[in-house]
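Chemist: just a sequence and a predicted model for now, questions to come.
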Amino acid sequence: MDSYLIAAAFDAGIKLSAGGTLLFFSQQRHRKAAYYWGLAWIVYAYAIIGDLGVHPEIAVVLLGFFSSLILQGVLRTNEEVSMSQDYIRTVSWGPAVIGVYTAVLFIFLEKTPEMAVMGVVYGTSGVFLSVGGLILYRVKEFYDQDAAYLGLSLITYGLYQMLYPIFWSEGVRFWGLFIGLVLTVVTALFMVQLSLGEVFEIREPETHIEVQPGVRITDPGHFEDFKRQFGGYPVLAFVRNVEVPDGWRVYRITNLGGHGNISPTNLPRILETAVDYVRSLENSELKPVVVLEGLEYLKIYNDFRALAKFLTSLRDYVITSGGTLMIILEKDAWEERELKILERLLK
């Protein structure tokens, strides 16, 4: 059998495996990004199969969906990037890059209609993959080095897609597939790594602390009693203004970048972190204790309906694990109707 066909079939199999793995983690780890990335690799696998079956029109459509799904996943890793002017400016250069790329194709490659169409599609896909990589690299402060590695990998994959027409000649087709296979494996591994989320090192408290499952709503003044009670417990806290014990795992809700900071618009990031924390306690006798402060600040950046959905999901994850969700809020800052809705949803 032709070595190219074997390599192509193997490449499609790897992409299907990567897609299935990411779809699994999207369910297990509550990762929206992994869902889109998993679909992307599966779509790309069928694009290869369509190309081998001499159906280039199928490959063209599916390749376009591949890059779109990858970019959708990138945007889901950090919800506020869709509103950032920096990223809009970056994307705005896409048509110019595609135009130059198309001109280069016509100058240096065979000018058949099929070659032109396929070349433009690969080039467009490569441009938007690289844009996705740049976005991820820019938000690396929120995800440590995992996002940076995946961003660089996507940039490299995008450049490979743009150069892929060079490998269409008979003598180098195999090597084009081989490079693509290596990049697929590396990129998929970084995607899985980012989808696994954070690993929390859980330390047993020196004294036994009884965790009462449920939701507790209090004001900043009464929060001091809670801090004294759970000072030595491995608590996960998302806070805006209050100070917390040194032993807690703390994330600051702020628009400032940096490790340990979460944007107020990024409610999915808060939920994902809480899910990672809850899962880290599954193999221990400890129960999760999550503190959330700064709801008034979150309400400025999110509509009430979105905030209520987020709080309901957070409550469900913590309570079903037998844990405590401590919510600190200033009741005077809320409308009576909103406060009643929150109390009803969280009880």
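Modeler: Yep, it's here.

Chemist: who's in contact with the closest residue in space to Trp41 that isn't next to it in sequence?
Modeler: Closest residue in space to Trp41, ignoring its immediate chain neighbours: Gly19 at 3.6 Å, by Cβ to Cβ, 6 or more residues apart in numbering. (Glycine included, C-beta is placed from N, CA and C.) Contacts for Gly19 (Cβ atoms under 8 Å, 6 or more residues apart in numbering) come out as 37-43, 45.

Chemist: same thing with Ala103?
Modeler: Ala103 neighbours (Cβ under 8 Å, 6+ apart): none.

Chemist: so it is in which element?
Modeler: Per DSSP states H and E, Ala103 falls inside helix 94-108.

Chemist: now stretch 306-315 - C-alpha only, PDB.
Modeler: Coordinates of each C-alpha in stretch 306-315 appear next as PDB, following Å, rounded to 0.1, in the frame of the first residue of the first chain:
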ATOM      1  CA  ALA A 306     -25.900  35.300  33.900                       C
ATOM      2  CA  LEU A 307     -24.700  35.900  37.500                       C
ATOM      3  CA  ALA A 308     -27.700  33.900  38.800                       C
ATOM      4  CA  LYS A 309     -26.900  30.900  36.500                       C
ATOM      5  CA  PHE A 310     -23.300  31.000  37.500                       C
ATOM      6  CA  LEU A 311     -24.100  31.000  41.300                       C
ATOM      7  CA  THR A 312     -26.600  28.100  40.800                       C
ATOM      8  CA  SER A 313     -24.000  26.000  39.000                       C
ATOM      9  CA  LEU A 314     -21.400  26.800  41.700                       C
ATOM     10  CA  ARG A 315     -23.800  25.900  44.400                       C
END
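
Chemist: begin at 26, not 1, for the rest of this chat.
Modeler: In the new count, where the first residue is 26, that last one comes out as stretch 331-340.

Chemist: re earlier: show me what secondary structure element comes after the helix holding Ala128.
Modeler: Following helix 119-133 toward the C-terminus (DSSP H and E): helix 138-163.

Chemist: show me which positions of the helix or strand just after that next one end up buried.
Modeler: Going down the chain from helix 138-163, the next helix or strand is helix 165-188, by DSSP H and E. Using 16 or more other Cβ atoms under 10 Å as the test for burial, helix 165-188 gives 165, 167-168, 171-187.

Chemist: now helix 165-188 - C-alpha only, CSV.
Modeler: C-alpha atoms of helix 165-188 as CSV (Å, rounded to 0.1, in the frame of the first residue of the first chain):
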residue,chain,number,x,y,z
LYS,A,165,-0.8,33.1,29.7
GLU,A,166,-0.9,35.1,32.9
PHE,A,167,-4.3,33.6,33.7
TYR,A,168,-3.3,30.0,32.9
ASP,A,169,0.4,29.8,33.7
GLN,A,170,2.7,28.3,31.0
ASP,A,171,0.1,25.8,29.7
ALA,A,172,-1.6,28.5,27.7
ALA,A,173,1.7,29.9,26.5
TYR,A,174,2.8,26.4,25.2
LEU,A,175,-0.5,25.8,23.5
GLY,A,176,-0.4,29.3,22.0
LEU,A,177,3.0,28.7,20.5
SER,A,178,2.0,25.3,19.3
LEU,A,179,-1.1,26.8,17.5
ILE,A,180,1.0,29.5,15.9
THR,A,181,3.4,26.8,14.6
TYR,A,182,0.4,24.8,13.4
GLY,A,183,-1.0,27.8,11.6
LEU,A,184,2.3,28.5,9.8
TYR,A,185,2.4,24.8,8.8
GLN,A,186,-1.1,25.1,7.4
MET,A,187,0.0,28.1,5.4
LEU,A,188,3.0,26.3,4.0
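
Chemist: contacts for the following helix or strand past that helix next, please.
Modeler: Sequence order places helix 198-221 as the next helix or strand after helix 165-188, per DSSP H and E. For helix 198-221, contacts defined as Cβ under 8 Å, 6+ apart pick out 28-29, 32-33, 35-36, 39-40, 43, 46-47, 50-51, 54, 56, 58-59, 62, 66, 98, 102, 168, 171-172, 174-175, 178-179, 181-182, 185, 189, 191-193.

Chemist: give me the buried subset of those.
Modeler: Applying 16+ other Cβ under 10 Å to those flags 32-33, 36, 39-40, 43, 46-47, 50-51, 54, 56, 58-59, 62, 66, 98, 102, 168, 171-172, 174-175, 178-179, 181-182, 185, 189, 192 as buried.

Chemist: neighbours of the nearest residue to Phe192 once chain neighbours are set aside, how many?
Modeler: Among residues not flanking Phe192 along the chain, Gly201 sits closest, at 2.6 Å (Cβ to Cβ, 6+ apart). Gly201 has 19 neighbouring residues, counting by other Cβ atoms under 10 Å.

Chemist: what bits of the stretch 126-275 of the chain have low per-residue confidence?
Modeler: Filtered on pLDDT under 70, the stretch 126-275 of the chain yields the residue ranges 127, 130-141, 164-169, 193-195, 222-226, 231.

Chemist: one more pass at 90, please.
Modeler: 126-176, 184, 186-207, 209, 215-239, 241-259, 266-274 (pLDDT under 90).

Chemist: pull up the gap between the most centrally placed residue in the chain and Leu161, please.
Modeler: Centroid-nearest residue in the chain: Thr102, 2.9 Å away (criterion: Cα atoms, centre = their mean). As defined by Cβ to Cβ, to the nearest Å, Thr102 lies at a distance of 7 Å from Leu161.

Chemist: which neighbours do the two share?
Modeler: In contact with both Thr102 and Leu161: Ala172, using Cβ under 8 Å, 6+ apart.
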